[in-house]
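Peer 1: Just a sequence and a predicted model for now, questions to come.
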There are 2 protein chains.
Amino acid sequence: MSSEPTNDRREEPAPAAHPDRRLSRRHLLLGGAAAGVGAAGAIGVDLVAKAGLGGSAAPAVPAVALVSGTEVVPFFGVHQAGVDTEPQSRATFVALNLLPGVDRAALRRMMRILTDDAARLTQGEAALADSEPELAVVPARLTVTFGFGPDLVTVAGGAAPGWLRPLPAFTIDRLQPEWNDGDLLLQIAADDPMTVAHATRMLLKDLRSFAVVRWVQSGFRRAAGSEKPGATMRNLFGQVDGTANPAVGTADFDALVWGRAGNPGWLAGGTGFVLRRISMNLDKWDGLDRSGRESTMGRTLANGAPLTGKRERDEPDFEATTALGFPVIPEFSHLRRARSEDRSQRIHRRGYNYDEAPSGTGVSNSGLLFACFQTDVDAQFVPIQTRLDTLDLLNQWTTPIGSAVFAIPPGCASDGYIGDTLF
Amino acid sequence: MSSEPTNDRREEPAPAAHPDRRLSRRHLLLGGAAAGVGAAGAIGVDLVAKAGLGGSAAPAVPAVALVSGTEVVPFFGVHQAGVDTEPQSRATFVALNLLPGVDRAALRRMMRILTDDAARLTQGEAALADSEPELAVVPARLTVTFGFGPDLVTVAGGAAPGWLRPLPAFTIDRLQPEWNDGDLLLQIAADDPMTVAHATRMLLKDLRSFAVVRWVQSGFRRAAGSEKPGATMRNLFGQVDGTANPAVGTADFDALVWGRAGNPGWLAGGTGFVLRRISMNLDKWDGLDRSGRESTMGRTLANGAPLTGKRERDEPDFEATTALGFPVIPEFSHLRRARSEDRSQRIHRRGYNYDEAPSGTGVSNSGLLFACFQTDVDAQFVPIQTRLDTLDLLNQWTTPIGSAVFAIPPGCASDGYIGDTLF
């Protein structure tokens, strides 16, 4: 931790850190659930009572229980939030370039300010310089996760992990420079788009004297409350997407995401992050029938089960063959190519769909913000992508058009700041 | 109604129409509420039970009740849905240009197909040619509302209302052609962004042989469940926005929105629609302090009350003066300028915020999709906008950059189609 004198932001009392962040987070969410049920009940009864009166001219209001807006994810802890947090429905990823002249001391100032902003906003409080405090009152599970690019680590005078650099060129890549790389990453995610918009703006305002925006990428999943909690997302091809993720809270997850590997000491408790912008050609995908789509993936469309199984999480049987002797899960299917015998070659995916306005005569400009976390990008992500690059039927309909790698520093204590192990 | 022979889509049995759509809609929503409470209870209890077991490695899931995804807004009725429907959290507006050669018969075919798609998708069913039926299962209060531009009405051989043309030029306008006008409007709104994305794509696919996309504009409000149902939205300036709306279900609303005025017969049960893309200069707005912001609006930021009142819906007192003799609600405030003595000069606002990626050194590219419905655009919207054009402090921070006007045809019966009164 740095021994720099406390700046004036530090004098504000920070929310107390819980000794065991993981437990604290779960308890808080469950407490919220119990409270939410009460609120839902009360609202529901009220609406039903009104219905009983019959014929009143009250406008029809949506019958949604007021449960999701007040939920809070703790900010302080061993790890940053937004990595093992159950994915929120909206996320905005912002990469920035440091301004010339921003040195180590300025970076430290910058990260203290950003940490203070994020610590407040994620708890549903206005930031210190917040000129729209009324927009800060709905936390909706907001998390703000910071990442460092290679140049930022250099300016900070720290050692960068070997994998903190642009990914190797893959033959399928058609990268557009406007979606690549960056010095500082903000991942801002919540179940409410207004919350994401306000937090993004607040952080970018406070970054004005340190950095300029390089790119902004926004994505979505199903709204909170639309589906059963914990359901695997679907992408815009209609595929169940992300089934193979390690389960949060297991030793498996901890090793794959929070493991130390060869990472420098300041990154202990942190991890590695890859964001790939994958354009999905929905128009071309339309030309493929259902059985072609399922062969391409190696999974059913109905529930994402491997073609040799019944349920989404059934283990695929790569040896199974059809009556004619062909593999049930085709050799070139995405499921088979993405899978490795080496269980350490796995990642934690946390992606979002994007759907932008089409240009010209196109009917869609859509795809996937493929976001994933792993301890060692070179040892975990790169081998998977290399296999997919060589042979993957899905490549006919998908094209990586953006690519960025960041180191995700650990979390911090309530008297620290994100990055304090580096500075 | 048209006497054209039934096309093959019509042979599919359509959902039965309720004799009184308004009642039907309210009952359905309330039924959903009651069912939702049960589901919330069950989920909550399950989570709490799991918590009681303690220390299990189950991932922390968001404590959100599964209530909003299954809610349905009826499609068939006297009016189209999406006008008096309590605003959903997401909306995409698409304007299209008809392809050359699309004639009256083609338009009829087009509207039959679109009606069939919308009737199914809004009820949580896959469209007939839906290649991703798994994405159609969460209706989340989806509504699809169709609007006709002047050229479409001409091709159809119908009489256009006098107001169905571009708005008069206002001095504050800085219109960019890419956001203006159009032949056909789709307003696709739901509480779930995946639902909006899927419905939009499905409709645009079926439109490929009839029209090309002219513009797409997407916006958001608070997520369903974030706030108390029925709360007035806030815009990205932090202002409570839309307080003066007439209450749905009142005679006042019916006259302002569903009134006949001088509209042609085919528009009975329909209304007029204006969409203005209003760029909001958040960076410049930052230069204004809280009291300056409240004087500009004539309302408090905390709860949107007029500066002479305590609650949001208190009537403003334009005669009240300060100790120094100045009006409490300044002459040039937005509240005073937007208000008319003539109660018929009112509109039903149903806008959405937008927040796009900033370009260059900008920190924001944000604003308001100012969407409003009114029987007669010339008699209701234009006088308000003319007063605001002349003198409105808010003009210093806001700039209209897009403008479009459409006629919203009435709803249809389950054996009809949207626009059947015109063709």
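Peer 2: Arrived safely, thanks for sending.
Peer 1: could you measure A:Ile418 against A:Val144, distance?
Peer 2: 9 Å (CB to CB, to the nearest Å). C-beta here means a position set from N, CA and C on the backbone, and glycine is covered the same way.
Peer 1: which residues are common contacts for those two?
Peer 2: Listed as contacting both A:Ile418 and A:Val144 by CB atoms under 8 Å, 6 or more residues apart in numbering or on different chains are A:114, A:118.
Peer 1: In contact with A:Arg141, which residues?
Peer 2: Counting by CB under 8 Å, 6+ apart, A:Arg141 has contacts A:68, A:71-73, A:85, A:88, A:189-191, A:224, B:62.
Peer 1: Give the helix, strand or coil label for it.
Peer 2: Recorded secondary structure, A:Arg141: coil (DSSP: H, G, I helix; E, B strand; the rest coil).
Peer 1: Backbone torsions only: list them for it.
Peer 2: phi 60, psi 30 (degrees, to the nearest 10).
Peer 1: can you check the one 4 residues further on too?
Peer 2: In terms of degrees, to the nearest 10, the main-chain angles of A:Thr145 are phi -120, psi 130.
Peer 1: Report the beta-bridge partners for it.
Peer 2: A:Gln187 (DSSP bridges).
Peer 1: Contacts only, for it.
Peer 2: Contacts of A:Thr145 (CB under 8 Å, 6+ apart): A:80-83, A:185-189, A:408.
Peer 1: From the rest of the structure, what touches stretch A:94-112?
Peer 2: Residues contacting stretch A:94-112 (CB under 8 Å, 6+ apart): A:2, A:4, A:7, A:9-10, A:146, A:149, A:151-152, A:155-157, A:181-186, A:188, A:200, A:203-204, A:207, A:209-217, A:404, A:417-420, A:423.
Peer 1: which residues of chain A score low on pLDDT?
Peer 2: Applying pLDDT under 70 to chain A flags residues A:1-67, A:360-361.
Peer 1: What sits closest to the residue nearest the centre of chain A if chain neighbours are left out?
Peer 2: With distances taken as CA atoms, centre = their mean, A:Arg350 lies nearest the centre of chain A, 4.4 Å away. Leaving aside its sequence neighbours, A:Arg350 sits nearest to A:Ala371 (CB to CB, 6 or more residues apart in numbering or on different chains; 5.1 Å).
Peer 1: Just say helix, strand or coil for that neighbour.
Peer 2: With three-state DSSP as the criterion, A:Ala371 reads strand.
Peer 1: is any part of stretch A:159-179 close to chain B?
Peer 2: No: using CB under 8 Å from any CB of the partner chain, stretch A:159-179 stays clear of chain B, with a minimum separation of 9.8 Å.
Peer 1: what about that stretch, how long is it end to end?
Peer 2: The straight-line separation of the ends of stretch A:159-179 (CA to CA, to the nearest Å) is 25 Å.
Peer 1: can you list contacts of it?
Peer 2: Contact with stretch A:159-179 is made by A:148-150, A:153-154, A:180-181, A:215, A:217, A:262-264, A:266-267, A:272, A:274, A:277, A:376-379, A:381-382, A:385-386, A:388-389, A:395, A:399-407, as judged by CB under 8 Å, 6+ apart.
Peer 1: List, out of the residues you listed, those positioned next to chain B.
Peer 2: A:215, A:217.
Peer 1: got the contact list for the residue nearest to A:Ala136 when sequence neighbours are not counted?
Peer 2: Of all residues not flanking A:Ala136 in the chain, A:Ala126 sits nearest, at 4.3 Å (CB to CB, 6+ apart). By CB under 8 Å, 6+ apart, A:Ala126 lies in contact with A:120, A:133, A:136.
Peer 1: what's the neighbour count on the last one?
Peer 2: Other residues lying near A:Ala136 total 21 when counted by other CB atoms under 10 Å in any protein chain shown.
Peer 1: ok, it - contacts?
Peer 2: Counting by CB under 8 Å, 6+ apart, A:Ala136 has contacts A:120-121, A:124-127, A:130, A:198, A:202.
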